[in-house]
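Enquirer: Give the three-dimensional model of this entry:
(2 chains)
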Amino acid sequence: MIEFSTYNVIFFSISSFTLISAISVGLVNSLMRSLFFLILTFIGVAGLFILLSADFIAIAQLLIYAGSISILLLFAVMLTPESSTNNGNSKYFLPGILIGIIFTYLMVALVTIFQFNQLSGIHLKKLDFDNTIASIGELLLGKYIIAFELASILLLFALIGAISIVRSNESDFLISLNNKDKK
Amino acid sequence: MSLIFSFIPYIKRLIVLILILFGLAVGFILSKALFDLSIYSNAVFDFMIDKSSYNVAYFSSSLIGALGIISFIGLVLLVGSWVERRMIAKFQIRVGPNRVGIFGLLQPIADAIKLMQKEVLVPAVADKLLFFIAPVAIFIPAILAWAPIPWGPNMTYLNINIGILYIFAVSSLTVPIIFFAGWSSMNHYALLGSMRTVAMMVSYEIPISLSLLSVVIITGTLNLTEIVLWQSSNSIWLGLLIPFSLFTFFFSSTAEINRTPNDIAEAESEIVAGYHIEYSGMKAGLFMAVELGNAVLLGALVTSLFLNGWFLFGLENYIPPYIIFIAKTVAIYIVLIWLRATLPRFRLDQLMNFAWKMLIPVSIINFFMIAIETTIITNLDSSKYIIYLFAIINIAVFVGLIILWSKIFKIDKFSPEKIAPIFAQKIGGIKAMEGTKSVD
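Expert: Here you go, the predicted structure:
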């Protein structure tokens, strides 16, 4: 039996908000609307992180997913035709459902196997650090420095790759301009 | 008799002088009673904790703080537009709104009533849900971002360790909302306007984060209250210590909140207005109100990050600290109005060039310099005077870098024929509007 406390009320309201918006992502027809509900889902997950007193991860969730990844997805959706019309008759309907079932099975298996009691917020609070940012920073630049640097190199590669894809061939461009002038 | 008549023109000024003195006296008495507003919230907390549980007491006392902040925003939204219109009128040698009420003070209320009476037109092909949600949802980040602002000692509503990140994250939520507003209108101009605004906001987030990074690295904290206290304990304003970060933050934030010189989103005289072209009545009014509120929020942020918050050379012991804070905030807001009355708009390509070719590289150089200075400050014991030395060095480097970038690298040289949407052309252009019945 779930006890009626403030924490539980907040938790269940946030989680129901997150779940309803997550389900609506798949159910609505318009891609834009499903993106809107996806942003709501990200915000709800950030709320759950705050409830676990993981403030930095919550803010990172807001900043990276709700603020930036959503913009990327917006521009991706903009480049698809029929983004606003009926999206239900997609040919990826059956594979999508199959993948969804597989992932649900994996998640449920993980949740049942993993012992969250050992790692929940109560046990973390016994460690007694007042500032999550400082401890995360010390870990990132101390223990996990190689992974951190590798991630930054990966991001640099992604940046250079994006620029090299978008960058036009200068000579081709000038030739086309000259042709235009001749016409 | 003639002597008395000759004094009549001065009587008006005398009355104003007496009123000012009276106001000062009343303010002095009030400032004793209202010096620290946090005691009232604490009194409510103590009163409620006797009556009921801890949660109810916490909720009620936090509700009072939230009501205080929201009523301040409401006051700003009411008075701000009047101040802006009157000041711009003064700059442009006009009279400005002076008909409704004394000095036209009731003009904003009349405007609001007019906006509410207007019909809210909804385009027939618009996405109704997103069209209705966007102007309401844009208010949420604008109000949430006020939470970690330090108004005075013990007067921070949300005293969290990640204050700067919080404000940055919450204000980045406006970008998709603006896009939804433009897209759901189902209007080519609104869509293009929102793309323009989103591209501008996304590119100006990078210089903002770099400038905030220099603030964070020099103070060693993300907490806004601690940043203000760092400035007072080292007796220097961060705006003087790192002037380029102040400039970058201020200029880039004008792009984020659509103020002049970066208000290309509402360039209705040159090109069509931006993402809010299809909104009418109070919905358009909500977008305008958010812009105004964000301008004052920018003032509060600049005050707490760069202008030493509620401290003002010892005056904070006599005047209530939040009054000093609000005065500095309003001063920044007036600077924004000054910019709006003075500067023309930048073109979009000028804006983008300025962000990517000037602000970001110079910010990175500035950031590395500040990192080196911070290591020197933290490793030296007598850091009191070396900070002033670094302030002078930073100002010199700031001026030098600007001269370097403007005179030698010449980013203002611009060739319009070289700019084309190559990537979009290669993959077939923007096809979002295909399949929908367009309005035009």
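
Enquirer: And residue B:41, how far from residue B:69?
Expert: 12 Å (Cβ to Cβ, to the nearest Å). The C-beta positions use only the backbone N, C-alpha and C, and glycine is treated the same way.

Enquirer: what about those two, which has more around it?
Expert: Shown here are residue B:41 and residue B:69; by other Cβ atoms under 10 Å in any protein chain shown, residue B:41 has more neighbours (20 against 16).

Enquirer: Where does pLDDT dip in the chain?
Expert: The chain I'm using is chain A. Residue ranges of chain A with pLDDT under 70: A:1-3, A:81-90, A:116-130, A:168-183.

Enquirer: Please refer instead to chain B.
Expert: B:1-7, B:9, B:268-270, B:272, B:382-383, B:408-440.

Enquirer: Count the residues that sit near the residue in it that chain A sits nearest to.
Expert: For chain B and chain A, the shortest gap (Cβ to the nearest Cβ) falls at residue B:172, measuring 3.2 Å. Using other Cβ under 10 Å, residue B:172 is surrounded by 24 other residues.

Enquirer: Same question for residue A:42.
Expert: The number of residues packed around residue A:42, counting by other Cβ under 10 Å, is 22.

Enquirer: which residues touch it?
Expert: Shown here is residue A:42, whose contacts under the criterion Cβ atoms under 8 Å, 6 or more residues apart in numbering or on different chains are A:61-62, A:65-66, A:69-70.

Enquirer: Can you select the buried ones from these in ChimeraX?
Expert: A single ChimeraX command selects the buried members of those (16 or more other Cβ atoms under 10 Å in any protein chain shown):
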select /A:61,62,65,66,70
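
Enquirer: Residue of chain A nearest chain B, please.
Expert: Nearest residue of chain A to chain B (Cβ to the nearest Cβ) works out as residue A:67 at 3.2 Å.

Enquirer: Tell me if that residue really is in a strand.
Expert: No - Residue A:67 is assigned helix when assessed by DSSP: H, G, I helix; E, B strand; the rest coil, not a strand.

Enquirer: residues contacting the residue nearest to it when sequence neighbours are not counted?
Expert: In space, and not counting its chain neighbours, residue A:67 is closest to residue B:172: 3.2 Å by Cβ to Cβ, 6 or more residues apart in numbering or on different chains. Contact partners of residue B:172, counting by Cβ under 8 Å, 6+ apart, are A:62-63, A:66-68, B:205.

Enquirer: can you do 7 Å?
Expert: Contact partners of residue B:172, counting by Cβ atoms under 7 Å, 6 or more residues apart in numbering or on different chains, are A:63, A:67, B:205.

Enquirer: repeat for residue B:24
Expert: Residue B:24 neighbours (Cβ under 7 Å, 6+ apart): none.

Enquirer: ok, then the element right after the helix or strand hosting it?
Expert: Using DSSP states H and E, residue B:24 sits within helix B:2-33. Per DSSP H and E, the first helix or strand lying C-terminal to helix B:2-33 is helix B:38-51.

Enquirer: Get me the contact residues on the stretch 101-250 of chain B for chain A.
Expert: By the rule Cβ under 7 Å from any Cβ of the partner chain, the part of the stretch 101-250 of chain B lying against chain A is B:127, B:129-130, B:160-162, B:165-166, B:168-170, B:172-173, B:175-176, B:179-180, B:183, B:198, B:202, B:222.

Enquirer: What subset of the residues you listed is buried?
Expert: B:127, B:130, B:160-162, B:165-166, B:168-170, B:172-173, B:175-176, B:179-180, B:183, B:198, B:202, B:222.

Enquirer: Now, those that are in strands?
Expert: Using DSSP state E, no member of those sits in strands.

Enquirer: ok, the most centrally placed residue in chain A - contacts?
Expert: Centroid-nearest residue in chain A: residue A:65, 4.3 Å away (criterion: Cα atoms, centre = their mean). Neighbour list for residue A:65: residue A:42 [criterion: Cβ under 7 Å, 6+ apart].

Enquirer: Specify which member of the contacts of residue A:42 is nearest to residue A:154.
Expert: Each of the contacts of residue A:42 was scored against residue A:154 by Cβ to Cβ, and residue A:69 proved nearest at 16.4 Å.

Enquirer: Where does the residue lying closest to that closest one once chain neighbours are set aside sit: helix, strand or coil?
Expert: Once flanking residues are discounted, residue A:69 sits nearest to residue A:42: 7.9 Å by Cβ to Cβ, 6+ apart. What three-state DSSP gives for residue A:42 is helix.

Enquirer: Would you mind listing the buried residues in the host helix or strand of residue B:82?
Expert: Assigned by DSSP H and E, residue B:82 belongs to helix B:54-91. If you call a residue buried by 16+ other Cβ under 10 Å, then helix B:54-91 has these buried ones: B:57, B:60-61, B:65, B:68-69, B:72-73, B:76-78, B:80-87, B:89.

Enquirer: does residue B:120 really touch residue B:286, like I thought?
Expert: No - using Cβ atoms under 7 Å as the test, residue B:120 is too far from residue B:286 to be in contact (10.7 Å).

Enquirer: more neighbours, these two?
Expert: The neighbour count for residue B:120 versus residue B:286, taken as other Cβ under 10 Å, is higher for residue B:286 (20 against 15).

Enquirer: Doesn't that one belong to a strand?
Expert: No - per three-state DSSP, residue B:286 lies outside any strand segment and is helix.

Enquirer: I figured it hits residue B:135, correct?
Expert: Yes - using Cβ under 7 Å, residue B:286 makes contact with residue B:135 at a distance of 4.2 Å.

Enquirer: Would you map out the domains in chain A?
Expert: As assigned by automatic domain parsing, chain A contains the domains A:1-88, A:144-183.

Enquirer: Tell me how far the first one lies from the chain's centre.
Expert: Counting by Cα atoms, centre = their mean, to the nearest Å, domain A:1-88 is centred 9 Å from the centre of its parent chain.

Enquirer: now stretch B:105-119
Expert: 24 Å.

Enquirer: Output stretch B:28-45 as CSV - backbone C-alpha positions only.
Expert: Written as CSV, here are the backbone C-alpha positions of stretch B:28-45 (Å, rounded to 0.1, in the frame of the first residue of the first chain):
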residue,chain,number,x,y,z
PHE,B,28,13.0,56.7,5.4
ILE,B,29,10.3,55.6,7.8
LEU,B,30,9.2,52.8,5.5
SER,B,31,12.7,51.6,4.9
LYS,B,32,13.1,50.9,8.6
ALA,B,33,10.0,48.8,8.7
LEU,B,34,10.6,47.1,5.3
PHE,B,35,14.4,46.8,5.5
ASP,B,36,14.4,43.0,5.4
LEU,B,37,11.3,41.5,3.8
SER,B,38,12.4,37.9,4.7
ILE,B,39,11.3,38.4,8.3
TYR,B,40,7.7,38.5,7.2
SER,B,41,8.0,35.3,5.3
ASN,B,42,9.7,33.7,8.3
ALA,B,43,7.0,35.0,10.6
VAL,B,44,4.4,33.3,8.4
PHE,B,45,6.4,30.1,8.5
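
Enquirer: What are the contacting residues of it?
Expert: Against stretch B:28-45 from outside (Cβ under 7 Å, 6+ apart): B:57, B:60-61, B:64-65, B:154-155, B:319-320, B:322.

Enquirer: Tell me, how many residues neighbour residue B:265?
Expert: 26.

Enquirer: Which residue is the nearest non-sequential neighbour of it?
Expert: Distances taken as Cβ to Cβ, 6+ apart place residue B:274 nearest to residue B:265, at 3.6 Å, with adjacent residues excluded.
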